[in-house]
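S.K.: Need a 3D model of the following:
(4 chains)
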Protein chains: 2
Amino acid sequence: MARAATTADAFNAVAEPRRRQLLDALAGGERPVNELVRVLGLAQPQVSKHLRVLREVGAVDVREDGRRRLYRLNGQALKPIHDWVQNYERLWSERFVELDDVLEDLKQEEDGDGGSHE
Amino acid sequence: MARAATTADAFNAVAEPRRRQLLDALAGGERPVNELVRVLGLAQPQVSKHLRVLREVGAVDVREDGRRRLYRLNGQALKPIHDWVQNYERLWSERFVELDDVLEDLKQEEDGDGGSHE
DNA sequence: TTTACATATTCCTATATGGGTATATAATCT
DNA sequence: AGATTATATACCCATATAGGAATATGTAAA
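M.R.: You can find the predicted model right below:
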């Protein structure tokens, strides 16, 4: 089997840096392809192709406006990524590291007084 | 150009569902390859190969133990993903949706009383 | 109705992949 | 030493890229 399609899910779509850049650029609001081409400094066809991938995974929506197409961010599609990675946050977050320290202290105390339970 | 290597960064490494499964399995602590094979229900060589990718992006560390190799999660490597996707959380989070509602209400009031500022 | 503009699609090519299978490497046991 | 166990690597193959270039489609302007 080959690698999963970029359009398979948000994880694959967003693995490409250009597509993350596109989403970042759309965070400020609706934008025509033209402007995205300027922002990314990439050729127009590639931008259109990246946008298509993002559209297929539901990360952006399009709206017609004359001869332009306005793309809009749809963050919902990124929720699965957020949910998954959220479970690992405790491995680096200050807050959780502090919590770990407290738990460690409690454990020390427990060990010190004879460890009655468990 | 072709797609970026799976070992290019955490985003690419984690785009593969099997590799996310591996990390999830390691969340409970150190595990030998053997056990990961059992958990994933995948052939041993593929598991070793996926582990190699995760190792190359720093998402796991290895430790030798006799003829076994114990893999351990290193969540730090996932921080860039968390940081990036975090910026989009407001687009679906209850808390932020409520905040948006409040802001919307304030805006309505402003419009109603003649819109003195802005 | 030409012309210009905005965007999408098609064709090309080199490349890395993920699984399958076989084999290499290395440690432990008998 | 030979057998077994645990893990990694090598090889094969079908497949989907990402960018480049050319072109198609469609809308607006002259």
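
S.K.: Relative to DNA strand C, how far out is the residue nearest to A:Tyr71 when sequence neighbours are not counted?
M.R.: Leaving aside its sequence neighbours, A:Tyr71 sits nearest to A:Val60 (CB to CB, 6 or more residues apart in numbering or on different chains; 5.0 Å). No exception for glycine: its C-beta is placed from N, CA and C like everyone else's. Distance, A:Val60 to DNA strand C, using CB to the nearest atom of the strand, to the nearest Å: 10 Å.

S.K.: Tell me the secondary structure of A:Glu64, please.
M.R.: strand (DSSP: H, G, I helix; E, B strand; the rest coil).

S.K.: gap between it and B:Pro17?
M.R.: To B:Pro17, A:Glu64 is 35 Å away according to CB to CB, to the nearest Å.

S.K.: Would you mind listing what in chain A touches DNA strand C?
M.R.: Applying CB under 7 Å from any atom of the strand, one finds that chain A approaches DNA strand C through A:1-4, A:32-34, A:37, A:44-45, A:47-49, A:51-52, A:62, A:67-69.

S.K.: Kindly write the ChimeraX command that selects the buried subset of these.
M.R.: Under the burial definition 16 or more other CB atoms under 10 Å in any protein chain shown, those of the residues of chain A next to DNA strand C that qualify are selected in ChimeraX by:
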select /A:32,33,37,47,51
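
S.K.: so of the residues of chain A next to DNA strand C, which ones are in helices?
M.R.: A:33-34, A:37, A:44-45, A:47-49, A:51-52 (DSSP state H).
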